[in-house]
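# Can you look at this prediction? I've put the sequence above it.
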Amino acid sequence: MNNQATILFRKRQKAIRKEKNYYNKFIFNGHFTVFLLILFGAFIMGYGEWLKHIPEHIDYALITSIILAIASLFPLRTLLKEADQIFLLPFEKYMKRYMTLSIQYSYFARIVTQLVLLIVPLPLFYKLNHHHLQYYIVFVVIALILPYLVLCLRWIGYRLGVSTWLMNIGFFIILSMNYYLILGLQTYLALIVTLLILVLIATLKPKADKQLYPWDRMIGLEHRHHTNYYKFVNMFTDVKHLRESAVRRSYLDFILPVPKGRKFNANQMYLYLFIRSFVRGRDAFSIILRLTLIAVILMVWLSNPVISILIGSLFMYITLLQMSQFYTQQAYGLWPQVWPVPDTIVIKGYEKFLYRLMIIIGLIFTITFSITNPTLFFFSIVFFLVGYLTIRSTIKKLKYQETLLRD
């Protein structure tokens, strides 16, 4: 039966790897890859300049510990499906091997991100601690071991019925404290904490093994993780498995006045539809907000005028480029069937929506750039120029695609 559990997990792992490879072709296309490379180069340049003049009186060990502790909270990916709570229920006692593979899969799926987060602070602490690296090597080893131990504890906590939020808070406190002790050159205390975690696992595991598997909970968590992945991919290409959802953001009602009188016509309908779908949508609004916030943080942190212009332009481009997928989600939905109009009117409404979005993002970038570089504020026109050219290119492609569909 253990062999059957292994075969089942490997089969599902292969299926999800195949699915991700398929979607990665759309995510890491030429435009997005170039964007990431330029952003990486800008970050390296800005980080190198910042290391020459590191601000004092800041607890970098605490900041690093908090960031890494959050990143170390790996989710447990079981790859379970809804039907498993019926068909695998009789084989629950043989699922131990399956869950061991799940923990290993969850660990290696996130370990690359952990390594990147460990490499980034290395030059900072190398300089702060007068070119000593012994303690940082211990820090790296502990930071690679603890996430696996946390995954084991998470699985034990699920079987014992511990709340997910309670576990995350407890894990965060333990991890951040442990990392802070090592970076504060208290390595022995950190090793003691790690040993206590091992003792805790050994103590709770026999008790957890006597409990039944929380099928509903594990299936629900896996479904949520997979749905979040689909939401991310949906910004690059259509995902058939994803169901759209809406969120009421009452604080944005002022930008959604209901068209009345002469404005309630086919020419104004799609502008209102795109704005409303964007503001009420759960995915597009959140992703654009995060991209804008990341751009602002990088512009303020790096503060170099050339790099800030480059970052603002790149984020303007990638933001508007991501919204091209938003067109297909809305233009081929229900409304074109309820109120049929020529595709030129739909594209025109989408173009107006993009220009309004460009103006808002451009103003945010302009204000940020003007605060950090007040004497060079006029260079912020580059943001709007990049936005205009991106929209122009996007609309041109849409018109060409609609022409091919008509043929």
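Looks like it arrived, so ask away.
# measure the most centrally placed residue in the chain to residue 76 for me?
Central residue of the chain (CA atoms, centre = their mean): residue 232, 7.3 Å from the mean position. Computed as CB to CB, to the nearest Å, the residue 232 to residue 76 distance reads 19 Å. To be clear about C-beta, it is placed using only N, CA and C from the backbone, and glycine gets the same treatment.
# go on, residue 165?
15 Å.
# what do you get for residue 233?
Counting by CB to CB - residue 233 and residue 76 are separated by 21 Å.
# before we move on, what about residue 363?
On the measure of CB to CB, residue 363 and residue 76 end up 42 Å apart.
# Who has more neighbours out of the two?
residue 76 (21 against 13; other CB atoms under 10 Å).
# Using the three-state scheme, assign that one.
What DSSP: H, G, I helix; E, B strand; the rest coil gives for residue 76 is coil.
# Need phi/psi at it.
For residue 76, the backbone dihedrals (degrees, to the nearest 10) come out as phi -90, psi 110.
# Quick check, it in contact with residue 105.
No: between residue 76 and residue 105 there is no contact under CB atoms under 8 Å: 9.4 Å.
# what packs against the helix or strand where residue 402 lies?
In this structure, residue 402 is located in helix 381-406 according to DSSP states H and E. Here helix 381-406 touches helix 305-322, helix 324-331, helix 343-372, going by 3 or more CB pairs under 8 Å, 6 or more residues apart in numbering; DSSP states H and E.
# Can you give the domain ranges for this structure?
According to the TED database, the chain comprises the domains 1-235, 250-406.
# how about TSV for these, with mean pLDDT added?
Formatted as TSV, those follow (pLDDT from 0 to 100):
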stretch	mean pLDDT
domain 1-235	87
domain 250-406	79
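# Tell me who's in contact with residue 179.
64-65, 68-69, 139, 142-143, 190 (CB atoms under 8 Å, 6 or more residues apart in numbering).
# for residue 135, same thing?
Taking CB under 8 Å, 6+ apart as the test, what residue 135 contacts is 129, 182-183, 185, 187.
# Okay, buried residues for stretch 77-87 please.
By 16 or more other CB atoms under 10 Å, the buried positions in stretch 77-87 come out as 77-80, 84-85.
# May I see these organised as TSV, with distance to residue 214 added?
Converted to TSV, these look like this (distance: CB to CB, whole Å):
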residue	distance to residue 214
77	15
78	10
79	16
80	11
84	12
85	10
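# Residue 145: neighbouring residues, count only.
By other CB under 10 Å, neighbour count at residue 145 equals 13.
# Now it: closest residue in space, sequence neighbours ignored.
residue 194 (7.1 Å; CB to CB, 6 or more residues apart in numbering).
# just checking, the one you found touches residue 177?
No: with contacts counted by CB under 8 Å, residue 194 stays clear of residue 177, the gap being 11.2 Å.
# Which one of these two is surrounded by more residues?
Remark: of residue 194 and residue 177, residue 194 carries more neighbours, 18 against 14, as counted by other CB under 10 Å.
# Show me what the strand or helix carrying the more buried one is in contact with.
Counting by DSSP H and E, the element that carries residue 194 is helix 187-209. Residues from elsewhere that reach helix 187-209, judged by CB under 8 Å, 6+ apart: 135, 138, 142, 145-146, 149, 152-153, 155-156, 159-160, 174, 177-179, 181-182.
# Now do the buried residues in it.
Within helix 187-209, judged by 16+ other CB under 10 Å, the buried ones are 187, 190, 193-194, 197, 201, 204, 208.
# Output stretch 82-93 in CSV with nothing but the alpha carbons.
The C-alpha trace of stretch 82-93 is given here as CSV (Å, rounded to 0.1, in the frame of the first residue of the first chain):
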residue,chain,number,x,y,z
GLU,A,82,-12.4,16.7,-3.1
ALA,A,83,-13.1,13.1,-4.1
ASP,A,84,-10.2,11.8,-1.9
GLN,A,85,-12.3,12.2,1.3
ILE,A,86,-14.5,9.4,-0.1
PHE,A,87,-12.2,7.1,-2.1
LEU,A,88,-9.1,7.4,0.0
LEU,A,89,-10.9,7.2,3.4
PRO,A,90,-10.6,3.4,3.6
PHE,A,91,-6.8,3.7,3.0
GLU,A,92,-6.2,6.4,5.6
LYS,A,93,-3.8,4.2,7.7
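# where's the residue nearest to the centre of the chain relative to residue 121, distance?
Distance, residue 232 to residue 121, by CB to CB: 26 Å.
# same question, residue 110
Taking CB to CB, one finds residue 110 at 18 Å from residue 121.
# what does residue 134 give?
Taken as CB to CB, the span from residue 134 to residue 121 is 16 Å.
# out of those two, which sits in the busier spot?
Higher neighbour count among residue 134 and residue 121: residue 121, with 19 against 10, using other CB under 10 Å.
# what's the more buried one in contact with, if anything?
So residue 121 contacts 60, 64 (CB under 8 Å, 6+ apart).
# just the helices in the stretch 1-150 of the chain please.
2-27, 30-52, 60-71, 84-87, 96-119, 122-128, 134-160 (DSSP state H, counting those that start in this stretch).
# So which of the ones you listed is nearest residue 395?
Across the helices of the stretch 1-150 of the chain, residue 395 has its closest neighbour in helix 30-52 (16.3 Å, CB to CB).
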